[in-house]
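1. What would the 3D arrangement of this be:
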Amino acid sequence: MEKKTAPTFIPQYAQDFKCVGSRCADTCCAGWQVSLDKTTYKRYKSLVMGGGVGEIRSKIKPVSHNERHDANYGVIVMDARGRCSFLAEDSLCKLQRAFGPSILSPTCANYPRVNKRLDGMAQRSLTPACPEAARLMFQDESAMSLSIGSVDVKDLSVDVALDPKKISSEAAQRIRFKIIDIIRDSAYPLWQRLGVVSLVCALLDELSSRDSFDLFAEKLESGFVFDSFLSVTSGYPAAPDVQAEVFGSLFGFKSINWGSLSFYQKDALKEVGDVFGAAAKAAQPSEYIAGVYRSGVQALRRFFATSDHLMTNYVNSLMMDTLFPWQPAEDSCQERMYKLVCRIGVLRFILALKAEGRGDDFCQEDFVSAVVAFTRFYEHNREYKALIDQVFVGIRNSVKASPRAVIGLMRDDFE
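-> Numbering: from 1, shown residues only. Predicted coordinates for the structure are as follows:
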């Protein structure tokens, strides 16, 4: 049967990716639940390896009936160390070694690749939870440069169809990629670019017809909207203490099971742990953390002065991966922006504490390891992901969520 493919945007770093296997700084086969589709689950139940049929059967189990469907039918049982039961001591897969790469489930075969489609046009990205993917993502400014390729439609993890009566596919893609262009424009500080996008998202929620979206796409591409929104963002002050409180609480330090973390993750977050440990002994813990955060943000600003592409590539990858601002479909554009800001803000909080602890030794490798560690939390822990994704409700209730509030949470030019 002929393979069905879809035209696909592929950034440069995703084209260059190859799994480095046992040479990886941290295995992807640990710290999360590896799902199995129905076909793979039933195939594994019939395999014979080493000690017989039971050796493989004992390492997989079905998911609960209320969560079970063809794409998520079972899971691989993790061992006592939280690693995949089929992972050998050399960090290579026993199943693949015994039966070849075709035996892998779609989850294992595709990871860390993420393939999504928006109204006919797909894109491939890599999750920075993978150290090698993260290294490639942040290696230089050209890592996010796009070219056109193709992807097998069976490998799509998300396939979004827009309402053609409300917005055309062309207008949606034009707006989407113009927003990404805004984020990539390093002539302005990242907080200001994010502020402009927040204002754009607020306006998008007011549009309701194909004609209005088409007209807005034209204005956005002309630069008129960008220029007018730039001046608006400049008038909204930073809120560093609120930043430290919101993003510090969202990091969820106390709820993290440190015993389940790999050495790589523990090392990436050492300075963050040191700050929380010292804060526990301080008279005013929250003020202590806020003080370290404020100082750390200034250290980050000095570091990013010559490495702006690092955070720019990170935000760009989030927008690409989530088909921003159109997915998930149940959210408004503004709500998607709040979720984006929360993820960026929590990462910056972690980076600030790490930069303050590392001092002049803070480097690109520190940035990459922090991104990997945080992304692992976000992608592999459903409860933690839900906390980050729903925080906009708390922001809305506490500070009357608005573009002004979002800019205050992201602006970093404070003393």
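2. so where's the stretch 51-200 of the chain shaky on pLDDT?
-> Counting by pLDDT under 70, the stretch 51-200 of the chain shows low-confidence ranges at 51-54.
3. residue boundaries of the helices in it?
-> 53-57, 94-99, 106-110, 131-137, 169-184, 190-204 (DSSP state H, counting those that start in this stretch).
4. Those into JSON lines, with extra columns for mean neighbour count and distance to residue 246?
-> Every C-beta, even on glycine, is put in place using the N, C-alpha and C of the backbone. Below are these laid out as JSON lines (neighbours: other Cβ atoms under 10 Å; distance: least, Cβ to Cβ, whole Å):
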{"stretch": "helix 53-57", "mean neighbour count": "14", "distance to residue 246": "46"}
{"stretch": "helix 94-99", "mean neighbour count": "16", "distance to residue 246": "43"}
{"stretch": "helix 106-110", "mean neighbour count": "17", "distance to residue 246": "33"}
{"stretch": "helix 131-137", "mean neighbour count": "24", "distance to residue 246": "25"}
{"stretch": "helix 169-184", "mean neighbour count": "18", "distance to residue 246": "22"}
{"stretch": "helix 190-204", "mean neighbour count": "23", "distance to residue 246": "15"}
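5. Redo the ones you listed as TSV? Include distance to residue 120.
-> Output for the helices of the stretch 51-200 of the chain, formatted as TSV (distance: least, Cβ to Cβ, whole Å):
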stretch	distance to residue 120
helix 53-57	40
helix 94-99	34
helix 106-110	21
helix 131-137	26
helix 169-184	6
helix 190-204	21
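6. among these, which is nearest residue 333?
-> Proximity to residue 333, assessed across the helices of the stretch 51-200 of the chain by Cβ to Cβ, is greatest for helix 190-204 (4.0 Å).
7. what's the helix or strand following the closest one packed up against?
-> Once the chain leaves helix 190-204, the next helix or strand it forms, by DSSP states H and E, is helix 210-222. For helix 210-222, the packing partners by 3 or more Cβ pairs under 8 Å, 6 or more residues apart in numbering; DSSP states H and E come out as helix 169-184, helix 190-204, helix 224-234.
8. export those to TSV and tack on distance to residue 292?
-> Output for the helices and strands packed on helix 210-222, formatted as TSV (distance: least, Cβ to Cβ, whole Å):
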stretch	distance to residue 292
helix 169-184	28
helix 190-204	20
helix 224-234	27
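9. With residue 384 as the reference, name the closest of those helices.
-> Shortest distance between residue 384 and the helices and strands packed on helix 210-222, using Cβ to Cβ, is found for helix 190-204: 22.5 Å.
10. roughly how far out does the closest one sit from the chain middle?
-> Chain-centre distance of helix 190-204: 19 Å, with Cα atoms, centre = their mean, to the nearest Å.
11. what do you get for stretch 318-334?
-> For stretch 318-334 - counting by Cα atoms, centre = their mean - the centre lies 12 Å from the chain centre.
12. buried residues in it?
-> Within stretch 318-334, the residues that count as buried by 16 or more other Cβ atoms under 10 Å are 318-327, 331, 333-334.
13. Next step: those residues restricted to helices.
-> Of the buried residues of stretch 318-334, the ones assigned to helices by DSSP state H are 318, 319, 320, 321, 333, 334.
14. Closest one of the residues you listed to residue 72?
-> Nearest to residue 72, judged by Cβ to Cβ, of those is residue 321 at 19.8 Å.
15. still on that earlier bit, make CSV out of the buried residues of stretch 318-334 and add pLDDT and distance to residue 131.
-> Shown next, in CSV, are those (pLDDT from 0 to 100; distance: Cβ to Cβ, whole Å):
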residue, pLDDT, distance to residue 131
318, 94, 18
319, 94, 22
320, 91, 19
321, 90, 17
322, 90, 22
323, 93, 25
324, 95, 24
325, 95, 29
326, 93, 30
327, 87, 26
331, 86, 30
333, 90, 32
334, 87, 33
